[in-house]
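Novice: mind looking at a prediction? Sequence and model below.
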Amino acid sequence: MIRWIPVAILTCLWFLAGGNTVRHEITTAEAAVQPPAEQTKGEAAFNRYCAGCHGKAAAGTDHGPSFINRIYEPNHHGDQSFMLAPRLGVRAHHWNLGDMPKIPGVSDDELKQIVGYIRWLQRQAGIQ
């Protein structure tokens with residue numbers, strides 16, 4: 001029992017230091033990949049509604065996590081999660097960057113395009 005105390009202390013320190021922040025620094029090679037024509041509308045909508053917090057090519061910022069991370073893979077955060085988040089807002093649960101507010105003005109069609117673009121970016125990074 002006593003031998004687990006250092007592990008518990010280190011784990012607590014890691015969380016307190018922001019170790020639970022989900023981020024992925026996008027590489028120059030990843031940023032240079034241009035989306036195919038069928039993803040250009042999704043990219044434009046993402047840039048309009050999402051990139052201010054989630055960064056160019058969903059790489060994350062200090063205001064919103066990167067979606068190029070296994071935590072956001074389809075089996076953990078399905079497409080419906082991405083569709084609902086802008087409608088309802090999201091309480092911070094995988095990051096310590098604050099809650100995500102509702103995003104007014106984004107249409108269902110734009111959300112589908114955004115999700116398609118995010119999934120394309122994830123596939124480019126090997127996240128399926």
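Specialist: That came through, no problem.
Novice: the residue minimising distance to the centre of the chain and H54: what is the separation?
Specialist: Computing the C-alpha centroid of the chain and ranking residues by C-alpha atoms, centre = their mean puts F67 first, at 2.5 Å. The gap separating F67 from H54 is 6 Å, by C-beta to C-beta, to the nearest Å. No exception for glycine: its C-beta is placed from N, CA and C like everyone else's.
Novice: how about low-confidence regions in the chain?
Specialist: By pLDDT under 70, the weakly predicted segments of the chain are 1-32.
Novice: helices of this structure, residue ranges please.
Specialist: 5-16, 28-32, 40-49, 51-54, 79-88, 108-124 (DSSP state H).
Novice: got the CA positions of the fourth one in CSV?
Specialist: Pointing back at helix 51-54 there. Extracted in CSV, the C-alpha atoms of helix 51-54 (Å, rounded to 0.1, in the frame of the first residue of the first chain):
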residue,chain,number,x,y,z
ALA,A,51,-10.5,27.5,-35.9
GLY,A,52,-10.6,30.5,-33.6
CYS,A,53,-10.4,28.1,-30.6
HIS,A,54,-9.4,24.7,-32.1
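Novice: quick check: chain neighbours aside, which residue is closest to W120?
Specialist: Q39 (5.0 Å; C-beta to C-beta, 6 or more residues apart in numbering).
Novice: so the one you found sits against G116, correct?
Specialist: Yes. With contact defined as C-beta atoms under 8 Å, Q39 counts as touching G116 (6.4 Å).
Novice: mind listing what's buried along stretch 92-101?
Specialist: By 16 or more other C-beta atoms under 10 Å, the buried positions in stretch 92-101 come out as W95, L97, M100.
Novice: ends of it, how far apart?
Specialist: 10 Å (C-alpha to C-alpha, to the nearest Å).
Novice: ok, the residue lying closest to Y49 once chain neighbours are set aside - contacts?
Specialist: Excluding the flanking residues, the one nearest Y49 by C-beta to C-beta, 6+ apart is V106, at 5.0 Å. Neighbouring residues of V106 by C-beta atoms under 8 Å, 6 or more residues apart in numbering: A45, Y49, P86, I114.
Novice: find the nearest non-adjacent residue to the first one, please.
Specialist: Excluding the flanking residues, the one nearest A45 by C-beta to C-beta, 6+ apart is E110, at 4.3 Å.
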